[in-house]
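K.L.:
Next input, structure requested:
(2 chains, ligands or ions: 6)
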2 protein chains.
Amino acid sequence: SVLQDLDLELLKAVMGQLDARKIRESLWELSRQPHLASSPRDEALVQLLLSRWRDSESGLDSAERTEYEVLLSFPSQEQPNLVEVVGPTGDILHTYHPNEENVTGEQGGPDVVQPYAAYAPPGTPQGLLVYAYQGKEEDFRELQEQGINLEGTIALTRYGGAGRGDKAVNAAKYGVAGVLVYTDPMDVNDGQSLPSQTFPNSWGLPPSGVERGSYYKYFGDPVTPYLPAHHSSFRVDHSNASGFPPIPAQPIGFQDAKDLLCNLNGTLAPSAWQGALGCEYRLGPGFRSSGSLPDGSQVKMSVYNRLELRNSSNVLGIIRGAVEPDRYVLYGNHRDSWIHGAVDPSSGTAVLLEISRVLGTLLKKGTWRPRRSIVFASWGAEEFGLIGSTEFTEEFFSKLQERTVAYINVDVAVMANATLRVLGTPPVQSVVFSATKEIDSPGPSGLSIYDNWKRHFNRSSPVYGTVPSLGSLGAGSDYAPFIHFLGISSVDMTYTYDRSKTSARIYPTYHTAFDTFDYMEKFLDPGFSSHQAVAQTAGNVLLRLSDSLFLPLNVSDYSEVLHSFLRAAQQELGNLLQQHNISLGPLVTAVEKFAVAASALDQHVSAQRKGSPDPLQVRMFNDQLMLLERAFLNSRAFPEERYYSHVLWAPHSSSVATFPGLANAYYRAKDTDAGSEAWAEVQRQLSIVVAALEGATATLRPVAEL
Amino acid sequence: SVLQDLDLELLKAVMGQLDARKIRESLWELSRQPHLASSPRDEALVQLLLSRWRDSESGLDSAERTEYEVLLSFPSQEQPNLVEVVGPTGDILHTYHPNEENVTGEQGGPDVVQPYAAYAPPGTPQGLLVYAYQGKEEDFRELQEQGINLEGTIALTRYGGAGRGDKAVNAAKYGVAGVLVYTDPMDVNDGQSLPSQTFPNSWGLPPSGVERGSYYKYFGDPVTPYLPAHHSSFRVDHSNASGFPPIPAQPIGFQDAKDLLCNLNGTLAPSAWQGALGCEYRLGPGFRSSGSLPDGSQVKMSVYNRLELRNSSNVLGIIRGAVEPDRYVLYGNHRDSWIHGAVDPSSGTAVLLEISRVLGTLLKKGTWRPRRSIVFASWGAEEFGLIGSTEFTEEFFSKLQERTVAYINVDVAVMANATLRVLGTPPVQSVVFSATKEIDSPGPSGLSIYDNWKRHFNRSSPVYGTVPSLGSLGAGSDYAPFIHFLGISSVDMTYTYDRSKTSARIYPTYHTAFDTFDYMEKFLDPGFSSHQAVAQTAGNVLLRLSDSLFLPLNVSDYSEVLHSFLRAAQQELGNLLQQHNISLGPLVTAVEKFAVAASALDQHVSAQRKGSPDPLQVRMFNDQLMLLERAFLNSRAFPEERYYSHVLWAPHSSSVATFPGLANAYYRAKDTDAGSEAWAEVQRQLSIVVAALEGATATLRPVAEL
Ligand SMILES: [Ca+2]
Ligand SMILES: [Ca+2]
Ligand SMILES: [Zn+2]
Ligand SMILES: [Zn+2]
Ligand SMILES: [Zn+2]
Ligand SMILES: [Zn+2]
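P.N.:
Ligands and ions are numbered 1, 2, ... in the order given. Okay, here's the model as predicted:
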């Protein structure tokens, strides 16, 4: 029927059929071997997904792979990257571990890619070592202000505080020749660093563990920006490609970092820069004579990374909508891992497979077909920079923009078992709330996921009182091209740890060879009940989006964010703006008008919901709800920020949660003269956001008004 | 009913009610006084439109004005622009006519704006005169090759061959200090130049007639690119605004041009450069001693144009759709004229008012309400560069892109009474054919508009045989922002002259003070039957678009254009591309796949049409048809071409009708080395168009396939 609506009984049945044991089985299969992007095992998993989604009893309507030819970066098999200490006479005094220790038998073998900084250029820089904390711009400035000559040095930095690639970019600005990056036990292990305190004895990162990762600045295939990376596509010459680290970089474990850092000479590092390696951190340059490394020794990095064009595939599976097949609810996760990737991304893939299994089974039985189409996606090469998902958005730009209701991302489904954590844009808040209120949280608390979540992450909403707080979407996983490039309302969810119990910046074995099935089963989610909870939550959100007659997107929840951005702008930027004759008045008006139109639309929708709506009427309201997010796009607002077009969620450098373009321009102008071009740019960015809000408001008004 | 479809009886009734006399009355009122953009009479016409559209018996559902603050350019009231001859001793020997001759009593008075080149900068250049034909790049090159030193000269050019502003841009590149532009009687009067042969004795341009016009390079308000020109909007500093002519320019009549040109010294101009002024055209520089102007005399231009921020309004009137109010059929024309503007634009406005009167009457009677919403628009400040329409598209970018079915533009409704002439994109071809086949052409021929049109403009279609040919949409009127910036299928129509009977490049009094009601009534359309024919045609197209259950947009008509662009690329560019290892193979495949998908969709639609369609099914098909044009947009394809995003219709410099980005890049690269960046750009542009075609094809495929 054209009025087909969400069936609560069916929803309940689906919730009951999502099976922790099945998730466990899938996870075991997905993570039993390393499956680096474009590796043979990655291809085997493509086949696994295709066969699951083509299964005659639990498959979808159709499943396809789409292949792109993309530029990846790998260490050399023949010449491993090395970090060495070179004595004053040029002798190699010490060579650090090129690989992680084979603690459980899964950290060795040809498929375990050596720790490396993907896209860092090859090179063999050698110089005195300095300690540059997190490698932020200000960290290097601090060293310079301490009188340290950074020219030609090797900078030891630690993960956190700045993006991976940023550390190298910042370092190069100060003349640093190479960057080492380690994980401080303080940052992931709550200070624990002994083998007895770490995996396989706890969830802690072992001393030899090394976080791999992409050091590329943008996302998407680096040589086909804005074009799908088909074989015949135009490619930027590799030497012209921008966004790669300017100098060699290499990640190392804290065992090796300790040997370097605890031998450094120079002034004591600031207290915030200290860590848990069991020594006083000094700044360098070079090693102190009283240490175990000879005074005058240098550090030599040998990086042999290579860029390679490789085939990488997405797998897509579709359930055709019964009533509105041209409306898509997308649900995706990447498939590629650095090594076994039991947590990242296979926990998410196992959940994806479980949801698709349950829905596929109902579909094949003829019990159910969603109102709208559901598209499941397994993205390739996410770890290198969200490549598969980005190429997909490039290839199907128009179609996806026109038809996609929302994108749901579950990458790491479970990194611990304490609470749900959600990132998303305001229109999805209400549907996530509805779903989580219905589902029991794992463990004995007896709380709903919603109430448990609210205990861990909450905020005070002027509209709703205390509610769980959704974080905002950065570029941490495959939702980035959907929200930033296409303007599709997106949500990302994961089960995570209790931040009052650990200060870990991420789960400890993130991007290491210790992220294995056993690690998951022993330390993160023994009974797979958190997996089940995430499957229920994501599945519930998915079904509400695919099956509800009226889209469960609440547009007036954007008003709250706009008001808070506005207040922040007034409080933090207002005075100086006024001094430069830039009035926030038009922005105040625009926010107010938006709020009025959004609330009127929500009320119209509520009223319709109670009446006997005609299907075209519903479609019209739904289009307004679906397309609101699109109205915040301006492809010309931030030309230097590749793909970022959403004027509310583009990156900004300040910590003030406000309109990003305005804030960026403001902080760039802050120290320049009135009347300068920098202040004109502030005014321009203000007009851009006002125009976007007014344009968005126009889409919310009754459709036959201007 | 949700299945409400086009009512052919009603359509016929509307055709019958469109009344030539009413159009005549409206035209009289609209054109009886000059109504330059932002003038008091322009405002009076805003009120006239509002009152017509708010009339209780023949008005629309609602009508509003929206005001923008835009940068216009005017001559000084106090200091008229002058062109003078300065003798060798510095005396002013002669001053040319600052104004047109008051032939009918309507060419005088304070509201008749002096002939000028809008946006040309003020200045008083003085130098030897040269004749530079049409002011094309190659024309100045020719003068240089003739050994003429152009530095500091005044170049006399004539209208045609290059855009107004381009003449000044090209001139400035060669050091020319000022540009005069005249209309040669050969180009508009078929050579006739005597007062007895011209208006008020014929439709010919009188000797004192001067074509005004905008010399601005882009369109839209010059200081608010991509932002609506609200009062509070950011504005580019006038001195930083780009696109204004770099040197002073002034248009003159052929009477004055004759005095200058027939006295020139130097070599005889090439035969193609000769004209109908009754003398041999020479190149200069300077005047010959045997003429009536002293040898050594110079020409002095005094240009006192000023930029002014002015308020300009659009007027919008809406008929709410009964079934799909969120689908808009837009119909518009500009309101502002240079002087009386009986032809341009008031003939179009009179037609607009007649269509809205007839439909408004049916609406108010309760006889009829369209399936979709109809939006009538009267744009402001078109003559200065499509400003009102462009600001409108900037303000309502998202809403219009999401919801607009098509844009119909009727600017000059009638410039002669011989035949219809249509510009448009392929999807509208079929609906224009359907409409024109039903309507009788004016005059005694007994032919339908379609058959008469086919006699004048035709082509041989591989699909349909001989059919009338639609021209492609440039930037000649307000359709430009709709097709190029928003990707909305657009059509522009006018009744025009027989090109076998006159070689006029435009109707002779275009943009002069002789474009009056009497001129129209006496020489162009005495019985207003051509006006009526255009009203019937445009009204018929409008109703088919607003009322048909299935949108009468034919997507497979795009295949024909793509095939022809492809053939042209293969024939004209193929060899050299191959030499540079650039294969057109992917383009061939992309065109082929498009054709297959488009034809399959058209067949699905035809099949549905015969069955008993469900309203959501229809809506889905219609969305595919409506949104196809959008899929050809790429806002990053031509960053230097402001607003141009449509990869098939962007401007290109070559005369080969092919993919514009590809052609532009090709001709730029043609003379450079293989492996150069210019050839890389050719490959990039090829990939851009391939990606656009593939993206468009994806939107045409069955909606639940990938
Ligand atoms: Ca790409
Ligand atoms: Ca503007
Ligand atoms: Zn991940
Ligand atoms: Zn990861
Ligand atoms: Zn016009
Ligand atoms: Zn005009």
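K.L.:
can you pull the contacts of the residue nearest in space to the middle of chain A?
P.N.:
Taking C-alpha atoms, centre = their mean, the centroid of chain A lies closest to A:Gly476, which sits 1.3 Å from it. A:Gly476 sits next to A:Asp411, A:Leu423, A:Asp492 when contact means C-beta atoms under 8 Å, 6 or more residues apart in numbering or on different chains. Glycine gets a C-beta too; all of them are placed from N, C-alpha and C.
K.L.:
same question for the helix or strand harbouring the last one, mean pLDDT?
P.N.:
Think A:Asp492. Assigned by DSSP states H and E, A:Asp492 falls within strand A:490-496. Mean per-residue pLDDT for strand A:490-496: 98.
K.L.:
Return the residues of the stretch 251-400 of chain A in contact with ligand 1.
P.N.:
A:Glu394 (C-beta under 5 Å from the ion).
K.L.:
hmm, back to that, I'd guess the residue nearest to the centre of chain A is in a strand, am I close?
P.N.:
No. A:Gly476: not assigned to a strand; according to DSSP: H, G, I helix; E, B strand; the rest coil it is coil.
K.L.:
mind listing what A:Leu3 touches?
P.N.:
Here A:Leu3 is in contact with A:Leu549, A:Pro613, A:Pro615, A:Val618 (criterion: C-beta under 8 Å, 6+ apart).
K.L.:
hmm, 10 Å instead?
P.N.:
A:Val323, A:Arg371, A:Leu549, A:Ser612, A:Pro613, A:Asp614, A:Pro615, A:Val618 (C-beta atoms under 10 Å, 6 or more residues apart in numbering or on different chains).
K.L.:
Any quick PyMOL command for the buried ones out of the residues you listed?
P.N.:
Only the buried entries of the contacts of A:Leu3 go into this PyMOL selection, using 16 or more other C-beta atoms under 10 Å in any protein chain shown:
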select buried, chain A and resi 323+371+549+613+615+618
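K.L.:
Which ones among the contacts of A:Leu3 also lie next to chain B?
P.N.:
A:Val323, A:Asp614, A:Pro615, A:Val618 (C-beta under 10 Å from any C-beta of the partner chain).
K.L.:
Max pairwise distance over those residues: which two?
P.N.:
A:Val323 and A:Asp614 (13.5 Å; C-beta to C-beta).
K.L.:
any common contacting residues for the two?
P.N.:
A:Val2, A:Leu3.
K.L.:
who in chain A is up against ligand 3?
P.N.:
So chain A meets ligand 3 at A:Asp344, A:Pro345, A:Asp411 (C-beta under 5 Å from the ion).
K.L.:
let's go with 6 Å and repeat that
P.N.:
Listed as neighbours of ligand 3 in chain A under the rule C-beta under 6 Å from the ion: A:His334, A:Asp344, A:Pro345, A:Glu382, A:Asp411, A:Val412, A:Ser477.
K.L.:
Roughly how far does the last one sit from A:Glu211?
P.N.:
Meaning A:Ser477. 16 Å (C-beta to C-beta, to the nearest Å).
K.L.:
Name the residue of the stretch 551-700 of chain A that lies nearest to ligand 2.
P.N.:
Nearest residue of the stretch 551-700 of chain A to ligand 2: A:Ala691, at 9.3 Å (C-beta to the ion).
K.L.:
Tell me which helix or strand that residue sits in.
P.N.:
Assigned by DSSP H and E, A:Ala691 falls in helix A:677-700.
K.L.:
tell me the helices in the stretch 51-200 of chain A, going along the chain?
P.N.:
A:137-145, A:164-173, A:185-188 (DSSP state H, counting those that start in this stretch).
K.L.:
Just give me how far the second one sits from the chain centre.
P.N.:
Looking back up the chat, that one is helix A:164-173. 20 Å (C-alpha atoms, centre = their mean, to the nearest Å).
K.L.:
before we move on, what about the shortest one?
P.N.:
Taking C-alpha atoms, centre = their mean, one finds the center of helix A:185-188 at 20 Å from the center of the full chain.
K.L.:
now the closest residue to A:Val323 other than its chain neighbours: how far from A:Thr361?
P.N.:
In space, and not counting its chain neighbours, A:Val323 is closest to A:Arg371: 4.7 Å by C-beta to C-beta, 6 or more residues apart in numbering or on different chains. From A:Arg371 across to A:Thr361, the span is 19 Å (C-beta to C-beta).
K.L.:
Could you do A:Ala168 as well?
P.N.:
Counting by C-beta to C-beta, the gap from A:Ala168 to A:Thr361 is 48 Å.
K.L.:
which of these two has more neighbours?
P.N.:
A count of neighbours by other C-beta atoms under 10 Å in any protein chain shown puts A:Ala168 above the other of A:Ala168 and A:Thr361, at 30 against 17.
K.L.:
pretty sure the more buried one is touching A:Phe140, no?
P.N.:
No. Contact between A:Ala168 and A:Phe140 fails when scored by C-beta atoms under 10 Å: they sit 11.2 Å apart.
K.L.:
Quick check: neighbours shared by those two?
P.N.:
With C-beta under 10 Å, 6+ apart, A:Ala168 and A:Phe140 have common neighbours A:Ala155, A:Thr157, A:Val176.
K.L.:
quick one: which of those is nearest to ligand 1?
P.N.:
So of the shared contacts of A:Ala168 and A:Phe140, ranked by how close each gets to ligand 1 (C-beta to the ion), first place is A:Thr157, at 29.9 Å.
K.L.:
Can you get me a residue count around that closest one?
P.N.:
29.
K.L.:
same deal with the one 4 residues further on?
P.N.:
Using other C-beta under 10 Å, A:Gly161 has 16 neighbouring residues.
K.L.:
With adjacent residues omitted, what lies nearest to it?
P.N.:
A:Gln134 (3.1 Å).
K.L.:
Next, work out how far apart the one you found and A:Gln250 are.
P.N.:
Taken as C-beta to C-beta, the span from A:Gln134 to A:Gln250 is 16 Å.
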